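Undergrad: can you look at this prediction? I've put the sequence above it.
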Amino acid sequence: MQTYLVGGAVRDKLLGRAAGDRDYVVVGALPEDLLARGYRPVGKDFPVFLHPETGEEYALARTERKSGRGYHGFVFQADASVTLEQDLARRDLTINAIAEDAHGVLTDPFGGVRDIAARVLRHVSPAFAEDPVRVLRMARFAARFAPLGFTVAPETMALMLQMVRDGEVDHLVPERVWAETRKALGEAQPAAFLRVLRACGALAVLFPEVDALYGVPQRAEFHPEIDSGVHLELVLDQSAQLAPGDDLVAFCALTHDLGKALTPAHELPRHIGHEQRGVKPLRALAARLKVPTEHAALAELVCREHLNAHRAFELKPATVLKLLTSLDALRRPARLDTFLAACMADKRGRTGHALDVYPQAGYLRACRAAAAAIDAASFVAAGLTGPAIGQAMMSARIDAIAAVKAKHPQS
C-alpha cells in the first residue's frame, strides 16, 4: 500500500500558494485494508475514507469510464490493481494531475509541472470531454489563476468548443452549474470565468441573459468601454477587489445590468428603464439555477435600485428612507453593505474609473444610522398608540435623514 498527496495541494505548493484541503490517493489497497487501520468510509460512489487522526480524505486509486450522457454517466473501478498513473489520468487538468510521495518525490506523467511554469491550463486527455462539469471547472480555474497569468491551452479550448457543439453542457443540472458558478464568483478575477465560457460557447447555453449583453452599446461619455458585456466584466472584477471572496456581492454585480440587453434598438445607446427591464431576466436566471433566496433577493434590489444609489445626494429624504426600507437596512445593516459594494463596483467598473471615489456609500450609511436611531419608545411614552406610532417614527426618520443631508456637501 502506497499513499500520495495529490491534486490542488501539490499544485498550490508548486505555485507558492497557501494550500487548502489536502487529498491523498492510496495505491495497492482494498477498502478492508483502510478499515482495518481505523479509516472511516465516507464515499458514496467510490471508496473515500477519512484518516482516523487528521480527518483528511484518502481515496483508493480508481479509473472511470463514460457510460452515458452528462456528468452522471460514469462507471468507476477502484481496486488494488489500479496504478497511480491510471488514477492521475482520470483528472481534469495537467496541473491537478501531479502526485507527491512521503519523500517529496513528484510523479508527473502529463507535464503538469511544465504547464505550471508556462502558466497554461491544459486538459490531461481526451477523456476531459466526457464530463461537462469540466467546462465550468476550467472557467473557474481561469478565474482563480488569471492574476498569475494562466491562460487556457488552444487545444483545450477547441475541445470545449466541441463539447458545447455536441450538446454535453445541455445535460448539466442546475445545482452543479450554480455550485461551480458560486465558487467562480468568489475567485480573484471572476470576469475570466465569463470570458472562457463565452469563448467556448457555453455562456450562451448556460447564461443566455448574460451572454446577450455582449455587443450592446452604451453612451461613451458614461461608459468609455461602450460594450455592455465588457462593462459587466469590469464590474465583476471590481466586486472581487471590493469584497474578496464574497459571491453574494459578485452575483449582484453579475446580474445588475441584465436589462440593457432588452433595450429597444431605436433607444440605443441610451438605456432608460433598464433597471426595471432587468428584473424579469434576473428572476428567470435565478429560478433556473436554483440560486439561494438571499442571492436572488439582493440581486433584484441592486438591479432595481443601483441608479438610486448613484444619485443618492439628489434623492429626497423620504426617498432615501424608502430605499433603506426596501433593503431592510434599518434591521440588517450588512445588507446595505452588500448593496453598496455592488453599486460601488458598478461605478468603478468602467474604463478609466477603477479608482473613483464613491461618497454615496458613506452618505447612505450615515442616513441609515440616523434613521435607525429612532425607535418607538419615546412615542409610546408620549401617549401615541397603534398606527400613529409608525407614522410618527417615519416622520422622525425622514427628519433625521434630512439633517444628515443638510450637513453633506454633495447634497
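TA: On my side now, so go ahead. Quick caveat: nothing in here was measured; it's all calculated off a predicted structure.
Undergrad: ok, now which ones touch the closest residue to Asp375 other than its chain neighbours?
TA: Of all residues not flanking Asp375 in the chain, Met393 sits nearest, at 7.6 Å (C-beta to C-beta, 6 or more residues apart in numbering). In this view, the C-beta of every residue, glycine as well, is placed from N, C-alpha and C. Neighbouring residues of Met393 by C-beta atoms under 8 Å, 6 or more residues apart in numbering: Ile374, Asp375, Ala376, Phe379.
Undergrad: Ala29 too?
TA: By C-beta under 8 Å, 6+ apart, Ala29 lies in contact with Met1, Leu60, Ala80.
Undergrad: would you indicate which residues of stretch 326-342 are buried?
TA: Leu327, Ala329, Leu330, Arg335, Leu336, Asp337, Thr338, Phe339, Leu340, Ala341, Ala342 (16 or more other C-beta atoms under 10 Å).
Undergrad: can you give the contact residues for that stretch?
TA: If you take C-beta under 8 Å, 6+ apart as the criterion, stretch 326-342 is touched by 239, 242-243, 246, 248-249, 252-253, 256, 298, 301-302, 305-306, 309, 324, 358, 360-361, 364-365, 368, 371-372.
Undergrad: any chance of the buried residues of stretch 326-342 in CSV, plus secondary structure and pLDDT?
TA: Compiled in CSV, these are given as follows (DSSP: H, G, I helix; E, B strand; the rest coil; pLDDT from 0 to 100):
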residue, secondary structure, pLDDT
Leu327, coil, 97
Ala329, coil, 97
Leu330, coil, 96
Arg335, helix, 97
Leu336, helix, 98
Asp337, helix, 98
Thr338, helix, 98
Phe339, helix, 98
Leu340, helix, 98
Ala341, helix, 98
Ala342, helix, 98
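Undergrad: of the contacts of Met393, which belong to strands?
TA: Assigned to strands by DSSP state E, none of the contacts of Met393 qualify.
Undergrad: most neighbours among those, please name it.
TA: Neighbour counts for the contacts of Met393 peak at Ile374, which has 20 neighbours (criterion: other C-beta atoms under 10 Å).
Undergrad: average pLDDT for stretch 105-123?
TA: When pLDDT is averaged over stretch 105-123, the result is 97.
Undergrad: how about stretch 387-394?
TA: Here stretch 387-394 scores 90 as its mean pLDDT.
Undergrad: so the residue nearest to Asp375 versus Ala243, what's the distance?
TA: According to C-beta to C-beta, to the nearest Å, Met393 stands 32 Å off from Ala243.
Undergrad: check Ala191 too.
TA: Ala191 is 15 Å from Ala243, by C-beta to C-beta.
Undergrad: between these two, who's got more neighbours?
TA: Between Ala191 and Ala243, counted using other C-beta under 10 Å, the more crowded position is Ala191 (26 against 21).
Undergrad: for that one, which non-adjacent residue is spatially closest?
TA: Closest to Ala191 by C-beta to C-beta, 6+ apart is Glu233, at 3.7 Å.
Undergrad: now Leu234, what's its secondary structure?
TA: helix (DSSP: H, G, I helix; E, B strand; the rest coil).
Undergrad: grab the nearest non-local neighbour of it.
TA: That would be Gly349: by C-beta to C-beta, 6+ apart, it lies 3.8 Å from Leu234.
Undergrad: isn't the one you found right up against Gln238?
TA: Yes: contact criterion C-beta atoms under 8 Å: Gly349 and Gln238 qualify, at 4.6 Å.
Undergrad: if we can go back for a sec, contacts only, for the residue nearest to Ala191.
TA: Applying C-beta under 8 Å, 6+ apart to Glu233 gives the contacts Ala191, Leu194, Arg195, Gly349.
Undergrad: tell me the pLDDT of it.
TA: pLDDT, Glu233: 98.
Undergrad: how about Ala381?
TA: On the pLDDT scale, Ala381 gets 80.
Undergrad: what's the local residue count around it?
TA: If you count neighbours by other C-beta under 10 Å, Ala381 ends up with 8.
Undergrad: from Ala392, how far off is it?
TA: Following C-beta to C-beta, the distance that separates Ala381 from Ala392 is 12 Å.
Undergrad: ditto for Leu315
TA: Using C-beta to C-beta, Leu315 is found at 22 Å from Ala392.
Undergrad: these two: which has the busier surroundings?
TA: The neighbour comparison of Leu315 against Ala392 (other C-beta under 10 Å) goes to Leu315, with 21 against 17.
Undergrad: next up, the contacts around the residue nearest to the more buried one when sequence neighbours are not counted.
TA: In space, and not counting its chain neighbours, Leu315 is closest to Asn308: 6.4 Å by C-beta to C-beta, 6+ apart. Applying C-beta under 8 Å, 6+ apart to Asn308 gives the contacts Leu315, Thr319, Leu323.
Undergrad: list the buried residues in the helix or strand harbouring the second one.
TA: Read that as Thr319. Assigned by DSSP states H and E, Thr319 falls within helix 317-326. Buried residues in helix 317-326, counted by 16+ other C-beta under 10 Å: Pro317, Val320, Leu321, Lys322, Leu323, Leu324.
Undergrad: pLDDT weak spots in the stretch 101-250 of the chain?
TA: Under the criterion pLDDT under 70, no range of the stretch 101-250 of the chain is flagged.
Undergrad: quick one: contacts for the most centrally placed residue in the chain?
TA: Nearest to the geometric centre of the chain sits Leu185, at 1.6 Å (C-alpha atoms, centre = their mean). By C-beta under 8 Å, 6+ apart, the residues touching Leu185 are Phe193, Leu236, Asp247, Ala250, Phe251, Leu254.
Undergrad: one more time with 6 Å
TA: Applying C-beta atoms under 6 Å, 6 or more residues apart in numbering, we find Leu185 in contact with Asp247, Ala250, Phe251.
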